[in-house]
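A.B. asks: Let's see this in three dimensions:
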Amino acid sequence: ETQTALRPSDFGLLQKNVSHATDMAFRIEQMNREFFNTLSEFARLQREGQAQSNYAWQARVLPATRTLPYWDEVEIAWDATGETLRNLLNELSRTYKAAADLYAEGHDNLEDVMGDISNVARRLTEAEANITGMISNPVNGMVYWIEVQPNQNRLSLNAAPLSVAPMVEKYLWHEKRSVILTSATLTAHGEFQYLRNTLGADEAEEMQLGSPYDYESAALLYIANDIPEPNQNGFQQILDKTLIATAKATGGRMLVLFTSYAALKKTAQAITGPLARDDIYVYEQGDGASPNALLESFKVTERAVLLGTKSFWEGVDVPGESLSVVVLTKLPFDVPTDPLIAARSEMYEDSFNQYYLPEAILKFRQGFGRLIRTQSDRGVVAILDRRVLTKQYGRLFLESLPGCTARQGPATNLAREAGKWLGI
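C.D. replies: Model (predicted):
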(Lines give C-alpha, C1' and ligand atoms only; values in the text may rest on other atoms or scores of the structure.)
Protein backbone atom coordinates (compact mmCIF):
# COMPACT_ATOMS: atom_id res chain seq x y z
CA GLU A 1 0.00 0.00 0.00
CA THR A 2 1.49 3.35 -1.03
CA GLN A 3 0.79 6.85 0.28
CA THR A 4 1.25 9.98 -1.82
CA ALA A 5 3.63 12.40 -0.08
CA LEU A 6 2.38 15.91 0.61
CA ARG A 7 3.99 18.53 -1.60
CA PRO A 8 5.54 21.45 0.35
CA SER A 9 3.06 23.87 -1.24
CA ASP A 10 0.11 21.67 -0.20
CA PHE A 11 1.42 21.33 3.33
CA GLY A 12 2.01 25.08 3.50
CA LEU A 13 -1.59 25.81 2.50
CA LEU A 14 -2.96 23.43 5.12
CA GLN A 15 -0.63 24.82 7.76
CA LYS A 16 -1.72 28.37 6.92
CA ASN A 17 -5.42 27.46 7.27
CA VAL A 18 -4.80 25.67 10.58
CA SER A 19 -2.76 28.62 11.86
CA HIS A 20 -5.57 31.08 11.03
CA ALA A 21 -8.14 28.82 12.69
CA THR A 22 -5.96 28.46 15.80
CA ASP A 23 -5.53 32.24 16.12
CA MET A 24 -9.30 32.73 15.85
CA ALA A 25 -9.94 30.01 18.43
CA PHE A 26 -7.70 31.82 20.94
CA ARG A 27 -9.53 35.10 20.23
CA ILE A 28 -12.90 33.40 20.70
CA GLU A 29 -11.77 31.92 24.02
CA GLN A 30 -11.04 35.42 25.35
CA MET A 31 -14.23 36.92 23.87
CA ASN A 32 -16.29 34.04 25.20
CA ARG A 33 -14.93 34.69 28.69
CA GLU A 34 -15.98 38.35 28.38
CA PHE A 35 -19.42 37.32 27.09
CA PHE A 36 -20.03 35.03 30.07
CA ASN A 37 -18.77 37.71 32.47
CA THR A 38 -21.36 40.08 30.98
CA LEU A 39 -24.05 37.43 31.26
CA SER A 40 -23.04 36.74 34.88
CA GLU A 41 -23.42 40.43 35.67
CA PHE A 42 -26.90 40.41 34.11
CA ALA A 43 -27.84 37.39 36.23
CA ARG A 44 -26.44 39.08 39.35
CA LEU A 45 -28.57 42.18 38.70
CA GLN A 46 -31.68 40.00 38.31
CA ARG A 47 -30.97 38.26 41.62
CA GLU A 48 -30.37 41.49 43.55
CA GLY A 49 -32.71 41.77 46.50
CA GLN A 50 -33.52 38.06 46.50
CA ALA A 51 -32.72 35.90 49.54
CA GLN A 52 -29.43 34.01 49.37
CA SER A 53 -29.91 30.35 48.50
CA ASN A 54 -27.77 27.28 47.96
CA TYR A 55 -30.16 26.10 45.24
CA ALA A 56 -29.64 26.79 41.56
CA TRP A 57 -31.11 30.07 40.30
CA GLN A 58 -32.97 29.62 37.02
CA ALA A 59 -34.59 32.18 34.75
CA ARG A 60 -36.34 31.70 31.43
CA VAL A 61 -35.22 33.97 28.62
CA LEU A 62 -38.46 35.44 27.30
CA PRO A 63 -39.18 38.37 24.96
CA ALA A 64 -39.59 40.52 28.08
CA THR A 65 -36.14 39.42 29.28
CA ARG A 66 -34.58 40.95 26.17
CA THR A 67 -36.01 44.38 27.10
CA LEU A 68 -34.47 44.43 30.59
CA PRO A 69 -31.66 46.81 31.55
CA TYR A 70 -28.18 45.47 30.77
CA TRP A 71 -29.47 42.87 28.28
CA ASP A 72 -28.22 45.14 25.48
CA GLU A 73 -24.72 44.67 26.93
CA VAL A 74 -25.23 40.91 26.68
CA GLU A 75 -26.29 41.29 23.03
CA ILE A 76 -23.27 43.45 22.20
CA ALA A 77 -20.90 40.94 23.82
CA TRP A 78 -22.46 38.05 21.92
CA ASP A 79 -22.56 39.91 18.59
CA ALA A 80 -18.78 40.27 18.73
CA THR A 81 -18.21 36.68 19.85
CA GLY A 82 -20.73 35.27 17.38
CA GLU A 83 -19.19 37.11 14.44
CA THR A 84 -15.72 35.78 15.25
CA LEU A 85 -17.17 32.30 15.73
CA ARG A 86 -18.79 32.43 12.28
CA ASN A 87 -15.44 33.53 10.82
CA LEU A 88 -13.82 30.54 12.50
CA LEU A 89 -16.44 28.24 10.97
CA ASN A 90 -15.64 29.68 7.53
CA GLU A 91 -11.93 29.05 8.16
CA LEU A 92 -12.66 25.48 9.23
CA SER A 93 -14.70 25.02 6.06
CA ARG A 94 -11.74 26.17 3.96
CA THR A 95 -9.40 23.88 5.90
CA TYR A 96 -11.74 20.94 5.42
CA LYS A 97 -11.96 21.64 1.66
CA ALA A 98 -8.18 21.82 1.36
CA ALA A 99 -7.81 18.52 3.22
CA ALA A 100 -10.61 16.92 1.15
CA ASP A 101 -8.92 17.93 -2.11
CA LEU A 102 -5.68 16.33 -0.96
CA TYR A 103 -7.54 13.24 0.27
CA ALA A 104 -9.05 12.86 -3.20
CA GLU A 105 -5.49 12.85 -4.61
CA GLY A 106 -4.64 9.81 -2.46
CA HIS A 107 -3.54 11.28 0.88
CA ASP A 108 -5.54 8.76 2.94
CA ASN A 109 -3.80 9.80 6.17
CA LEU A 110 -5.92 12.99 6.16
CA GLU A 111 -9.17 11.08 6.75
CA ASP A 112 -8.96 11.37 10.55
CA VAL A 113 -8.13 15.08 10.28
CA MET A 114 -11.22 15.64 8.13
CA GLY A 115 -13.36 13.77 10.66
CA ASP A 116 -12.02 15.90 13.53
CA ILE A 117 -12.64 19.14 11.62
CA SER A 118 -16.17 18.04 10.75
CA ASN A 119 -17.00 17.16 14.38
CA VAL A 120 -15.64 20.44 15.75
CA ALA A 121 -17.49 22.45 13.09
CA ARG A 122 -20.76 20.66 13.81
CA ARG A 123 -20.53 21.31 17.55
CA LEU A 124 -19.59 24.97 17.06
CA THR A 125 -22.44 25.45 14.57
CA GLU A 126 -24.94 24.04 17.06
CA ALA A 127 -23.55 26.22 19.86
CA GLU A 128 -23.67 29.35 17.69
CA ALA A 129 -27.27 28.68 16.63
CA ASN A 130 -28.46 27.93 20.17
CA ILE A 131 -26.79 30.96 21.77
CA THR A 132 -27.93 33.30 18.99
CA GLY A 133 -31.44 31.90 19.45
CA MET A 134 -31.31 32.64 23.15
CA ILE A 135 -29.76 36.09 22.95
CA SER A 136 -31.47 37.75 20.00
CA ASN A 137 -33.19 35.44 17.53
CA PRO A 138 -35.33 32.80 19.31
CA VAL A 139 -36.35 29.70 17.38
CA ASN A 140 -40.05 28.91 17.51
CA GLY A 141 -40.71 25.88 19.72
CA MET A 142 -37.52 26.21 21.78
CA VAL A 143 -37.26 27.05 25.49
CA TYR A 144 -34.24 29.02 26.70
CA TRP A 145 -33.04 29.62 30.24
CA ILE A 146 -30.06 30.74 32.31
CA GLU A 147 -28.94 28.74 35.33
CA VAL A 148 -26.54 29.79 38.06
CA GLN A 149 -25.10 27.29 40.56
CA PRO A 150 -24.07 29.52 43.48
CA ASN A 151 -21.98 26.87 45.27
CA GLN A 152 -19.95 26.11 42.15
CA ASN A 153 -19.82 29.70 40.86
CA ARG A 154 -21.04 28.30 37.56
CA LEU A 155 -23.36 29.79 34.93
CA SER A 156 -24.86 27.81 32.06
CA LEU A 157 -27.06 28.56 29.07
CA ASN A 158 -29.72 25.98 28.30
CA ALA A 159 -32.02 25.27 25.37
CA ALA A 160 -34.56 22.47 24.92
CA PRO A 161 -37.50 21.79 22.59
CA LEU A 162 -40.94 22.62 23.93
CA SER A 163 -42.15 19.32 22.44
CA VAL A 164 -40.04 16.30 21.49
CA ALA A 165 -42.74 15.03 19.10
CA PRO A 166 -41.28 16.68 15.93
CA MET A 167 -37.82 15.21 16.66
CA VAL A 168 -39.26 11.75 17.35
CA GLU A 169 -41.22 12.02 14.09
CA LYS A 170 -38.13 13.05 12.12
CA TYR A 171 -35.55 10.66 13.56
CA LEU A 172 -37.67 7.65 14.56
CA TRP A 173 -41.17 7.35 13.08
CA HIS A 174 -40.10 8.66 9.66
CA GLU A 175 -36.82 6.69 9.55
CA LYS A 176 -38.09 3.23 10.52
CA ARG A 177 -40.58 0.90 8.84
CA SER A 178 -41.96 -0.11 12.22
CA VAL A 179 -41.25 0.75 15.86
CA ILE A 180 -42.39 -1.15 18.96
CA LEU A 181 -42.45 0.61 22.33
CA THR A 182 -42.73 -1.71 25.34
CA SER A 183 -42.84 -0.82 29.02
CA ALA A 184 -44.84 -1.50 32.15
CA THR A 185 -45.46 2.25 32.47
CA LEU A 186 -46.66 3.59 29.12
CA THR A 187 -50.17 4.47 30.32
CA ALA A 188 -51.62 7.16 32.58
CA HIS A 189 -55.11 6.66 34.02
CA GLY A 190 -55.07 3.33 32.14
CA GLU A 191 -54.83 5.06 28.74
CA PHE A 192 -52.07 5.68 26.19
CA GLN A 193 -53.30 9.14 25.17
CA TYR A 194 -50.76 11.13 27.20
CA LEU A 195 -47.88 9.19 25.65
CA ARG A 196 -49.40 9.55 22.17
CA ASN A 197 -49.53 13.33 22.61
CA THR A 198 -46.00 13.53 24.02
CA LEU A 199 -44.39 11.46 21.25
CA GLY A 200 -46.65 12.45 18.35
CA ALA A 201 -47.75 8.82 18.01
CA ASP A 202 -51.39 9.46 17.08
CA GLU A 203 -51.58 6.59 14.57
CA ALA A 204 -49.88 3.93 16.70
CA GLU A 205 -51.68 0.71 17.50
CA GLU A 206 -51.85 -0.18 21.17
CA MET A 207 -52.08 -3.28 23.35
CA GLN A 208 -52.24 -3.73 27.13
CA LEU A 209 -51.19 -7.07 28.59
CA GLY A 210 -51.56 -8.33 32.14
CA SER A 211 -48.62 -8.71 34.52
CA PRO A 212 -46.93 -12.11 34.99
CA TYR A 213 -46.45 -11.28 38.69
CA ASP A 214 -48.82 -12.19 41.52
CA TYR A 215 -48.62 -8.79 43.20
CA GLU A 216 -51.19 -9.63 45.86
CA SER A 217 -48.92 -12.22 47.42
CA ALA A 218 -45.61 -10.63 46.37
CA ALA A 219 -46.02 -6.97 47.35
CA LEU A 220 -47.26 -5.17 50.44
CA LEU A 221 -48.23 -1.54 49.85
CA TYR A 222 -48.05 0.33 53.16
CA ILE A 223 -49.40 3.90 53.33
CA ALA A 224 -48.55 6.03 56.36
CA ASN A 225 -51.80 7.84 57.22
CA ASP A 226 -50.61 10.01 60.12
CA ILE A 227 -47.46 11.64 58.72
CA PRO A 228 -47.61 15.42 58.05
CA GLU A 229 -47.70 16.45 54.40
CA PRO A 230 -44.22 17.06 52.91
CA ASN A 231 -44.42 20.86 53.24
CA GLN A 232 -45.65 20.76 56.85
CA ASN A 233 -43.67 20.93 60.08
CA GLY A 234 -42.62 17.58 61.46
CA PHE A 235 -42.52 15.71 58.15
CA GLN A 236 -38.72 15.50 57.91
CA GLN A 237 -38.28 14.31 61.50
CA ILE A 238 -40.92 11.56 61.20
CA LEU A 239 -39.57 10.52 57.79
CA ASP A 240 -36.05 10.07 59.16
CA LYS A 241 -37.21 8.16 62.26
CA THR A 242 -39.38 5.88 60.11
CA LEU A 243 -36.50 5.11 57.74
CA ILE A 244 -34.10 4.34 60.60
CA ALA A 245 -36.57 1.99 62.30
CA THR A 246 -37.53 0.24 59.06
CA ALA A 247 -33.93 -0.23 57.91
CA LYS A 248 -33.04 -1.76 61.28
CA ALA A 249 -36.07 -4.07 61.14
CA THR A 250 -35.27 -5.32 57.62
CA GLY A 251 -31.46 -5.31 57.84
CA GLY A 252 -31.20 -2.63 55.17
CA ARG A 253 -32.06 -3.93 51.68
CA MET A 254 -33.95 -0.66 51.17
CA LEU A 255 -34.21 1.86 48.33
CA VAL A 256 -35.51 5.30 49.35
CA LEU A 257 -36.68 7.56 46.51
CA PHE A 258 -36.72 11.36 46.78
CA THR A 259 -37.84 14.13 44.44
CA SER A 260 -34.92 16.48 45.15
CA TYR A 261 -31.25 16.29 46.10
CA ALA A 262 -31.83 18.77 48.93
CA ALA A 263 -34.35 16.47 50.63
CA LEU A 264 -32.08 13.47 50.04
CA LYS A 265 -29.12 15.25 51.67
CA LYS A 266 -31.17 16.15 54.77
CA THR A 267 -32.16 12.54 55.27
CA ALA A 268 -28.65 11.24 54.58
CA GLN A 269 -27.25 13.47 57.32
CA ALA A 270 -29.93 12.32 59.77
CA ILE A 271 -29.84 8.54 59.24
CA THR A 272 -26.24 7.67 58.30
CA GLY A 273 -24.89 7.78 61.87
CA PRO A 274 -27.71 5.87 63.60
CA LEU A 275 -27.71 3.15 60.94
CA ALA A 276 -23.91 2.82 60.99
CA ARG A 277 -24.19 1.81 64.65
CA ASP A 278 -26.24 -1.19 63.43
CA ASP A 279 -23.71 -1.95 60.67
CA ILE A 280 -26.07 -0.68 57.96
CA TYR A 281 -24.30 1.37 55.28
CA VAL A 282 -26.04 4.31 53.60
CA TYR A 283 -25.28 5.00 49.94
CA GLU A 284 -26.44 8.37 48.67
CA GLN A 285 -26.75 9.65 45.13
CA GLY A 286 -24.71 12.77 44.49
CA ASP A 287 -21.71 11.92 46.68
CA GLY A 288 -19.41 11.64 43.67
CA ALA A 289 -20.03 8.08 42.52
CA SER A 290 -21.98 7.41 39.33
CA PRO A 291 -25.51 5.97 39.65
CA ASN A 292 -24.29 2.66 38.19
CA ALA A 293 -21.40 2.44 40.65
CA LEU A 294 -23.75 3.22 43.56
CA LEU A 295 -26.17 0.55 42.42
CA GLU A 296 -23.46 -2.10 42.09
CA SER A 297 -22.12 -1.26 45.56
CA PHE A 298 -25.64 -1.51 46.99
CA LYS A 299 -26.18 -4.92 45.37
CA VAL A 300 -23.06 -6.46 46.89
CA THR A 301 -23.42 -4.91 50.36
CA GLU A 302 -25.47 -7.20 52.58
CA ARG A 303 -26.82 -4.50 54.93
CA ALA A 304 -27.34 -1.29 52.98
CA VAL A 305 -29.76 1.53 52.25
CA LEU A 306 -29.65 3.42 48.95
CA LEU A 307 -30.96 6.99 48.76
CA GLY A 308 -31.75 8.07 45.20
CA THR A 309 -33.56 10.65 43.15
CA LYS A 310 -34.40 11.30 39.48
CA SER A 311 -32.79 8.41 37.56
CA PHE A 312 -33.36 5.96 40.43
CA TRP A 313 -37.13 6.23 40.00
CA GLU A 314 -36.72 4.39 36.69
CA GLY A 315 -34.45 1.78 35.20
CA VAL A 316 -33.10 0.38 38.48
CA ASP A 317 -33.08 -3.42 38.40
CA VAL A 318 -32.21 -5.21 41.66
CA PRO A 319 -33.88 -8.65 41.65
CA GLY A 320 -33.84 -10.92 44.67
CA GLU A 321 -33.29 -10.20 48.36
CA SER A 322 -30.80 -7.36 47.80
CA LEU A 323 -33.85 -5.09 47.55
CA SER A 324 -36.83 -5.87 49.76
CA VAL A 325 -38.22 -2.42 50.62
CA VAL A 326 -38.88 0.61 48.40
CA VAL A 327 -39.89 3.85 50.11
CA LEU A 328 -41.53 6.65 48.11
CA THR A 329 -40.98 9.71 50.28
CA LYS A 330 -43.04 12.11 48.19
CA LEU A 331 -45.33 12.05 45.16
CA PRO A 332 -43.04 12.83 42.21
CA PHE A 333 -44.61 16.01 40.89
CA ASP A 334 -42.35 18.14 38.70
CA VAL A 335 -41.15 21.44 40.16
CA PRO A 336 -43.47 24.07 38.57
CA THR A 337 -40.75 26.75 38.62
CA ASP A 338 -38.40 24.67 36.46
CA PRO A 339 -38.14 26.68 33.21
CA LEU A 340 -38.78 23.75 30.85
CA ILE A 341 -41.62 22.38 33.00
CA ALA A 342 -43.21 25.83 33.26
CA ALA A 343 -43.02 26.34 29.49
CA ARG A 344 -44.52 22.92 28.71
CA SER A 345 -47.32 23.38 31.24
CA GLU A 346 -48.38 26.55 29.40
CA MET A 347 -49.38 24.37 26.43
CA TYR A 348 -52.39 23.03 28.37
CA GLU A 349 -55.66 24.64 29.42
CA ASP A 350 -55.65 22.60 32.63
CA SER A 351 -51.94 22.14 33.25
CA PHE A 352 -52.33 20.23 36.52
CA ASN A 353 -54.67 17.52 35.23
CA GLN A 354 -53.32 17.40 31.68
CA TYR A 355 -49.59 17.64 32.39
CA TYR A 356 -48.35 17.61 36.00
CA LEU A 357 -50.62 14.79 37.15
CA PRO A 358 -50.00 12.33 34.25
CA GLU A 359 -46.23 12.95 34.51
CA ALA A 360 -46.28 12.33 38.26
CA ILE A 361 -48.36 9.16 37.92
CA LEU A 362 -45.95 7.73 35.33
CA LYS A 363 -42.96 8.38 37.62
CA PHE A 364 -44.87 7.03 40.62
CA ARG A 365 -45.57 3.77 38.80
CA GLN A 366 -41.93 3.57 37.74
CA GLY A 367 -40.85 4.03 41.36
CA PHE A 368 -43.22 1.27 42.51
CA GLY A 369 -41.88 -0.97 39.75
CA ARG A 370 -38.37 -1.01 41.28
CA LEU A 371 -39.52 -3.67 43.79
CA ILE A 372 -40.85 -6.73 41.97
CA ARG A 373 -38.43 -7.66 39.17
CA THR A 374 -38.92 -11.45 39.01
CA GLN A 375 -41.73 -13.89 39.82
CA SER A 376 -39.95 -14.98 43.01
CA ASP A 377 -39.43 -11.46 44.41
CA ARG A 378 -41.27 -10.42 47.56
CA GLY A 379 -41.19 -7.05 49.26
CA VAL A 380 -42.74 -3.87 50.61
CA VAL A 381 -43.49 -0.51 49.00
CA ALA A 382 -44.10 2.27 51.52
CA ILE A 383 -45.70 5.60 50.64
CA LEU A 384 -44.82 8.32 53.15
CA ASP A 385 -46.85 11.05 51.43
CA ARG A 386 -50.40 10.94 52.77
CA ARG A 387 -51.69 13.13 49.96
CA VAL A 388 -52.55 9.85 48.23
CA LEU A 389 -55.25 9.57 50.92
CA THR A 390 -56.21 13.20 51.56
CA LYS A 391 -56.23 14.75 48.08
CA GLN A 392 -58.85 14.10 45.42
CA TYR A 393 -56.17 13.17 42.91
CA GLY A 394 -54.60 10.67 45.34
CA ARG A 395 -56.83 7.80 44.24
CA LEU A 396 -55.51 8.16 40.67
CA PHE A 397 -52.02 7.30 41.93
CA LEU A 398 -53.28 4.28 43.86
CA GLU A 399 -55.51 3.09 41.00
CA SER A 400 -52.49 3.17 38.67
CA LEU A 401 -50.77 0.42 40.71
CA PRO A 402 -51.28 -3.33 40.25
CA GLY A 403 -53.53 -5.08 42.75
CA CYS A 404 -51.18 -5.74 45.66
CA THR A 405 -51.95 -6.21 49.35
CA ALA A 406 -52.57 -2.69 50.71
CA ARG A 407 -52.56 -1.49 54.30
CA GLN A 408 -52.77 1.88 56.03
CA GLY A 409 -51.48 2.80 59.44
CA PRO A 410 -49.17 5.02 61.49
CA ALA A 411 -45.67 5.62 60.16
CA THR A 412 -44.29 4.03 63.33
CA ASN A 413 -45.90 0.70 62.35
CA LEU A 414 -44.06 0.43 59.03
CA ALA A 415 -41.00 -1.28 60.52
CA ARG A 416 -43.09 -4.00 62.20
CA GLU A 417 -45.34 -4.53 59.15
CA ALA A 418 -42.33 -4.75 56.81
CA GLY A 419 -40.54 -7.23 59.05
CA LYS A 420 -43.66 -9.37 59.35
CA TRP A 421 -44.27 -9.36 55.57
CA LEU A 422 -40.67 -10.35 54.88
CA GLY A 423 -40.68 -13.02 57.58
CA ILE A 424 -37.88 -11.40 59.54
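
A.B. asks: Relative to the whole chain's centre, how far out is the worst-scoring helix or strand of the chain on mean pLDDT?
C.D. replies: For the chain, the helix or strand with the lowest mean confidence is helix 8-47, at a mean of 85 (criterion: mean pLDDT, DSSP states H and E). Distance of helix 8-47 from the chain centroid (CA atoms, centre = their mean, to the nearest Å) equals 31 Å.

A.B. asks: List the buried residues for stretch 97-117?
C.D. replies: Residues 98-100, 102-103, 107, 110, 113-114, 117 are the ones in stretch 97-117 that count as buried (16 or more other CB atoms under 10 Å). (Each C-beta comes from the backbone N, C-alpha and C, glycine too.)

A.B. asks: Now for the most centrally placed residue in the chain: which residues touch it?
C.D. replies: Centroid check for the chain by CA atoms, centre = their mean gives Lys310 as the closest residue, at 6.3 Å. Listed by CB atoms under 8 Å, 6 or more residues apart in numbering, the contact set of Lys310 reads Gln285.

A.B. asks: Model confidence for it, exactly?
C.D. replies: Looking at Lys310, its pLDDT is 85.

A.B. asks: Show me the buried residues of stretch 97-117 that map onto helices.
C.D. replies: 98-100, 102-103, 113-114, 117 (DSSP state H).

A.B. asks: Just flag the most distant two among these.
C.D. replies: Farthest pair in these (CB to CB) is Leu102 and Ile117. Separation: 12.7 Å.

A.B. asks: ranges for the helices of the stretch 101-250 of the chain?
C.D. replies: 111-135, 165-168, 193-199, 215-218, 235-250 (DSSP state H, counting those that start in this stretch).

A.B. asks: Point out the most buried one among those.
C.D. replies: helix 235-250 (a mean of 20; mean count of other CB atoms under 10 Å).

A.B. asks: returning to what we had before: so which of the helices of the stretch 101-250 of the chain gets nearest Ala382?
C.D. replies: helix 235-250 (7.2 Å).

A.B. asks: Can you tell me what sits against that closest one?
C.D. replies: So helix 235-250 is contacted by 224, 227-229, 254, 256, 263, 266-267, 270-271, 274-275, 278, 280, 305, 324-325, 327, 329, 380, 382, 384, 411-412, 414-416, 418-419, 422, 424 (CB under 8 Å, 6+ apart).

A.B. asks: Mind giving me the PyMOL command for buried ones among the residues you listed?
C.D. replies: Restricted to buried positions by 16+ other CB under 10 Å, the PyMOL selection for the contacts of helix 235-250 reads:
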select buried, resi 224+227+254+256+263+267+270+271+274+275+280+305+324+325+327+329+380+382+384+411+414+415+418+419+422
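
A.B. asks: Give me the subset of the contacts of helix 235-250 lying in helices.
C.D. replies: 263, 266-267, 270-271, 274-275, 414-416, 418-419.

A.B. asks: Lys363 looks like it's in a helix, true?
C.D. replies: Yes: counting by DSSP: H, G, I helix; E, B strand; the rest coil, Lys363 is part of a helix.

A.B. asks: Wait, it touches Trp313, no?
C.D. replies: Yes: under the criterion of CB atoms under 8 Å, Lys363 makes contact with Trp313 at 5.3 Å.

A.B. asks: For these two, list the residues in contact with both.
C.D. replies: The contact lists of Lys363 and Trp313 share Pro332, where a contact means CB under 8 Å, 6+ apart.

A.B. asks: What degree of burial does Gln285 show, as a neighbour count?
C.D. replies: By other CB atoms under 10 Å, 21 other residues sit near Gln285.

A.B. asks: Check the secondary structure at the nearest residue to it once chain neighbours are set aside for me.
C.D. replies: Spatial nearest neighbour of Gln285, chain neighbours left out: Gly308 (4.6 Å); criterion: CB to CB, 6 or more residues apart in numbering. Following three-state DSSP, Gly308 is assigned to strand.

A.B. asks: Gly308: neighbouring residues, count only.
C.D. replies: 23.

A.B. asks: So what pairs up with it in the strands?
C.D. replies: Leu257 (DSSP bridges).

A.B. asks: And for Val282, nearest residue in space, chain neighbours not counted?
C.D. replies: Val282's closest residue in space is Thr272 (CB to CB, 6+ apart), at 4.5 Å.

A.B. asks: Low-confidence stretches in this protein?
C.D. replies: Within the chain, the ranges that satisfy pLDDT under 70 run 1-13, 152.

A.B. asks: Could you pull out the buried residues of stretch 54-61?
C.D. replies: 57-61.

A.B. asks: and the gap between Ala415 and Gln269?
C.D. replies: 21 Å (CB to CB, to the nearest Å).

A.B. asks: Also Thr67?
C.D. replies: Counting by CB to CB, the gap from Thr67 to Gln269 is 44 Å.

A.B. asks: Just want to know which of the two has more residues nearby.
C.D. replies: Neighbour totals were compared for Thr67 and Gln269, and Gln269 leads with 12 against 9 (other CB under 10 Å).

A.B. asks: and that one, what does it touch?
C.D. replies: Neighbours of Gln269 in contact, by CB under 8 Å, 6+ apart: none.

A.B. asks: Distance check, it against Leu275.
C.D. replies: 12 Å.

A.B. asks: what's the answer for Arg303, then?
C.D. replies: 9 Å.

A.B. asks: Now do the shared contacts for these two.
C.D. replies: In contact with both Arg303 and Leu275: 252, 281, using CB under 8 Å, 6+ apart.

A.B. asks: Which strands and helices lie in contact with the host helix or strand of Leu85?
C.D. replies: Per DSSP states H and E: Leu85 is located in helix 71-104. Counting contacts by 3 or more CB pairs under 8 Å, 6 or more residues apart in numbering; DSSP states H and E, helix 71-104 is packed against helix 8-47, helix 111-135.

A.B. asks: is it true that Ser118 touches Lys97?
C.D. replies: No: at 11.6 Å, Ser118 does not count as touching Lys97 under the criterion of CB under 8 Å.

A.B. asks: Now do the shared contacts for those two.
C.D. replies: By CB under 8 Å, 6+ apart, no residue touches both Ser118 and Lys97.

A.B. asks: and this protein, what are its domains?
C.D. replies: Domains of the chain are assigned by automatic domain parsing as 8-161, 165-199, 215-421.

A.B. asks: Turn those domains into TSV, columns for distance to Leu209.
C.D. replies: As requested, those are exported to TSV (distance: least, CB to CB, whole Å):
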stretch	distance to Leu209
domain 8-161	32
domain 165-199	9
domain 215-421	12
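
A.B. asks: Deepest-packed of these, please.
C.D. replies: domain 215-421 (a mean of 18).

A.B. asks: For that domain, measure first residue to last.
C.D. replies: 13 Å (CA to CA, to the nearest Å).

A.B. asks: That concludes my questions; thank you for your assistance.
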